[in-house]
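>>> Just need the structure, nothing else, for what follows:
(2 chains)
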Amino acid sequence: MKYISQILDIALRELDMLRKNRIYGFCMLVFPFALVLFFTTMLDEGVPKDLPIGVVDHDNSSMSRGLVRTLDAMQSSRVAYRFASVTEARNAMQEGKVYAYLYIPDGTAAKLLAGRRPKISYYYTMTCLSAGSMASKDLKTLSTLGSAAVGQAMLSAKGATSRQIRAALQPIAIDAHMIANPYGSYNYTLTTVFVPGILMLFMALLSAYSVGMELKFETGKDWLARADNKIVVAILGKYIVHAMVFALVIFLYQFYIFYVLHFPHLGGVWSIVRLTFLQILASIGFGIFAFGLMPSMRMSMSISSLWFVLGISMCGSAFPVMGMDTPLQAMSWLFPLRHYWMMYQVTVLNGFPVIDAWFHHVALIGFTLLPWFVLHKVKNAMLNYVYLS
Amino acid sequence: MSIFLNRLREHFADVFYIWWHEMVKVVKDEGVLMFLVIVPLGYPLLYSWIYNNEAVHEVPVAVVDQSHSALSRQFIHDCDATADVDVKYYAEDLDEARSLVSRQLCKGIYLIPSDFATNISRGEQGTISVYCDMSLMLAYKAVYQTAMVEAGRLGAGLNIKKAGNYTKREDAITAQPLAVDEVTMFNPSGGYGSCVLPAVLMLILQQALALGIGMAAGTARERNKNGQLIPNDDPHYRGAYQIVWGKALCYGMTGAIAAAYLSMAVPRMFSFPQLADGKTLFLMLLPYTIACIFFGMTVSCLVRYRENVMLLMVFVSVPLLFLTGVSWPQSSIPGAWQGVSWLFPSTFGVRAFIRVNSMGATINQILPDIRILWIQAAAYLGLACLVYRHQFRLARKYASD
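Numbers count the residues shown, from 1 in each chain, chains lettered A, B, ... in the order given. As a prediction, the model looks like this:
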């Protein structure tokens, strides 16, 4: 009972600190709000649409114009420029005006009808991967359609039914099931890792910051005194407030993406709640641990920010961990965001049983318990250190 | 005349003094040293290492073969032989395959239904179902596109057999009457590192400079007994312009070294694309580095505490990468965010660098970006002078109080 009233006392003191220092308001409310707004509006399209594409049409036949129109009508492509030569088109690509261009040489239609297998060329740049892969996807469809047009005309003239034509042109069809993200939306895959990733960064930074501030303004002794010098009670009282504020912010964010924007979450509401608490506790744990290792506000904050920014790459959501060098694969275990993301995609996105991600579950709990190793150092710092600027 | 010359001499003496003084601060303050030297040196190496393998190969896939036909085995065989897909598991049914995906043992499922070969033999369309785990876009593309390509190739083979041609040329015409040449112009292997890393390098330059300058300014404020940025007990700090020039010279030195290292040494060490012509690269990096320095100096005046600049810069770093148009196409960025992106040197610095470095653009082709970078450099220089003049007046006011 005594502990509970002490925790409450420290929590109220912390709440007062959060109110007085504007940094907390910014990092706990303003930045997360801006972040969610940024990513959800930025990626609102889901997949890049109407990328500017150029055309060099030397054939100028009804068939080549038909191809260009088909390309223009595709989801990802928009014929924005018509060039007189390939050089001109390449210059435009280097200037960043087009992501791809289609070259149709003179005599294409005539050769196609004569059965002499003409060749059209499609040039695209991979300096922006999402644009390049979309352009290449449209090209593949276009080339299939271009080839099929000839056969289709022939077969329908011979009186084949549309089913027969389909089977003749494409004997083997692929029936794709894009589980949990049927549109292939980048919004679903990017927003759900960048927003939590940066929020975790803020949680760790603020954890180190708030304990560092006690040192800087020499209020640490008062903080510990309120807990009868019991460091565990002091830490619980302090961070319970942080955890609650962040939980509120994260639940708001999740309500927005899962129930307003309808992001896929086959795992249901409890998988989301469980992951939220694990995420918060692991990040705060890491922040306290960083401070315990180096009881200086500046160093612990620098380490936390460098570590978590690196985590955004090391979590393997964009470039997979399985594609990295072996030492890096092992190192990825040291990043809380990696475990968060694995838990997210196994239990929330795909709705698989949590036992299949048990390792990452345990790892996040491990990060939560990390401060245990440095409790005495934090206490020592509070009681004996003097802040040096 | 001699009065004027004397003034000028004094002016330069002040500038050089502040330059030297700032340099000493950079070396002595471990926080500043970390962001101005260690981060630009070490971080790019780490990132390059992470992305060095460029592409994912041999993505594990489970196969559920209910057809058990020569054709289905041929398809599985063909997929397994590609660089992108590795057929690692054979599952009895879809549930078993699903549990393999759940346990992260594979990233996709190929299901070949029992009527697959029968349908094809009858002259109907045979269907293969592909189930993709969508958590990794690169893995999804590998699993899906391999199935598409191999199904197309297998289907073309069937058509050729049916056609009863005599020559290989006829076979080629049957398979594909209209040939399509697919040419990837820049970053031909579609490597992830070659695409993202040049952008990251340029962003690191801006962020490291802004963080370092901000940290140094924060330290200066904390050391000052009135909490002022500009010391009032040092006679050399007697004009806002001298201070701006002196500091710019100091950060220009570290910035120039970092820019050279990031743009030339790092891509070479990890064999990332390097098509840049030396002169063009210099003409592009010069306004970018200057713009970054004055941007950093402007930002450093806005923050009161050392830690705040870190929170701010770390917060904007990932959105800034998005605004450059390297991970999300520039043409798909909403107009409002395009407007916001004009505030940051990184937007145009990254775009110009990618065009010069990865696409071999000449100076004429990046002229619009360079013009904007010079405008930004001038605007941030003006802003830096304004905010420093304000700080200077504040410091004087405190001193006279």
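
>>> which one is the residue of the stretch 201-350 of chain B found nearest chain A nearest to, not counting chain neighbours?
The minimum distance from the stretch 201-350 of chain B to chain A, using Cβ to the nearest Cβ, falls at B:Pro329 (4.0 Å). In this view, the C-beta of every residue, glycine as well, is placed from N, C-alpha and C. Spatial nearest neighbour of B:Pro329, chain neighbours left out: A:Ala131 (4.0 Å); criterion: Cβ to Cβ, 6 or more residues apart in numbering or on different chains.

>>> pLDDT score assigned to the one you found?
We have a pLDDT of 91 for A:Ala131.

>>> Count residues in the vicinity of it, would you?
27 (other Cβ atoms under 10 Å in any protein chain shown).

>>> Next, it: phi, psi?
A:Ala131 adopts backbone torsions of phi -70, psi -40, taken as degrees, to the nearest 10.

>>> Check the secondary structure at A:Asn91 for me.
Classification of A:Asn91 by DSSP: H, G, I helix; E, B strand; the rest coil places it in helix.

>>> per-residue confidence at the residue nearest to it when sequence neighbours are not counted?
Leaving aside its chain neighbours, A:Asn91 sits nearest to B:Gln365 (6.6 Å; criterion: Cβ to Cβ, 6+ apart). In the predicted model, B:Gln365 carries a pLDDT score of 92.

>>> Next up, the contacts around B:Gln365.
Counting by Cβ atoms under 8 Å, 6 or more residues apart in numbering or on different chains, B:Gln365 touches A:Asn91, A:Gln94, A:Glu95, B:Arg355.

>>> likewise A:Met42?
Per Cβ under 8 Å, 6+ apart, neighbours of A:Met42: B:Pro319, B:Phe322, B:Trp328, B:Ile333, B:Pro334, B:Trp337.

>>> Spatially, which two of the residues you listed are the most separated?
Spatially, the most separated pair among the contacts of A:Met42 is B:Pro319 and B:Pro334, at 12.9 Å (Cβ to Cβ).

>>> Show me which of the two is the more surrounded one.
B:Pro319 (19 against 13).

>>> Now the more buried one. Nearest residue, chain neighbours left out?
Spatial nearest neighbour of B:Pro319, chain neighbours left out: A:Phe38 (5.2 Å); criterion: Cβ to Cβ, 6+ apart.

>>> Specify the next element, helix or strand, located C-terminal of the helix or strand hosting that neighbour.
Taking DSSP states H and E as the definition, one finds A:Phe38 inside helix A:31-42. With elements assigned by DSSP H and E, the helix or strand that comes after helix A:31-42 is strand A:51-57.

>>> Show me the domain layout of chain A.
Following the assignment in automatic domain parsing, chain A carries domains at A:2-44+A:185-384, A:51-169.

>>> so where do the strands sit in the stretch 1-150 of chain A?
Counting by DSSP state E, counting those that start in this stretch, the stretch 1-150 of chain A has strands at residues A:51-57, A:77-82, A:100-104, A:119-124.

>>> where are the low-confidence patches of the chain?
All of this refers to chain A. A:386-389 (pLDDT under 70).

>>> Can you look at chain B instead?
Short version for chain B, where the test is pLDDT under 70: B:1, B:401.

>>> Longest helix in it, by number of residues?
Taking DSSP state H as the criterion, chain B has its longest helix at helix B:367-400.

>>> Which elements pack onto that helix?
helix B:240-260, helix B:278-302, helix B:345-353 (3 or more Cβ pairs under 8 Å, 6 or more residues apart in numbering or on different chains; DSSP states H and E).

>>> Alpha carbons of stretch A:369-376, as CSV, please.
C-alpha atoms of stretch A:369-376 as CSV (Å, rounded to 0.1, in the frame of the first residue of the first chain):
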residue,chain,number,x,y,z
LEU,A,369,13.7,-5.8,-18.3
LEU,A,370,17.1,-4.4,-19.5
PRO,A,371,17.1,-1.5,-16.9
TRP,A,372,17.3,-4.2,-14.2
PHE,A,373,21.1,-4.4,-15.0
VAL,A,374,21.7,-0.7,-14.5
LEU,A,375,19.4,0.2,-11.6
HIS,A,376,22.2,0.7,-9.2
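
>>> what's in contact with it?
A:Ile231, A:Val232, A:Ile235, A:Gly285, A:Phe286, A:Ile288, A:Phe289, A:Phe291, A:Gly292, A:Leu293, A:Val378.

>>> Contacts for whatever helix or strand A:His242 lives in next, please.
Taking DSSP H and E as the definition, A:His242 sits inside helix A:231-254. Identification of contacts with helix A:231-254 by Cβ under 8 Å, 6+ apart yields A:3, A:6-11, A:13-15, A:18, A:28-29, A:32, A:36, A:195-196, A:199, A:203, A:206-207, A:210-211, A:223-224, A:226-227, A:272, A:276-277, A:279-281, A:284, A:288, A:371, A:375-376, A:378-379.
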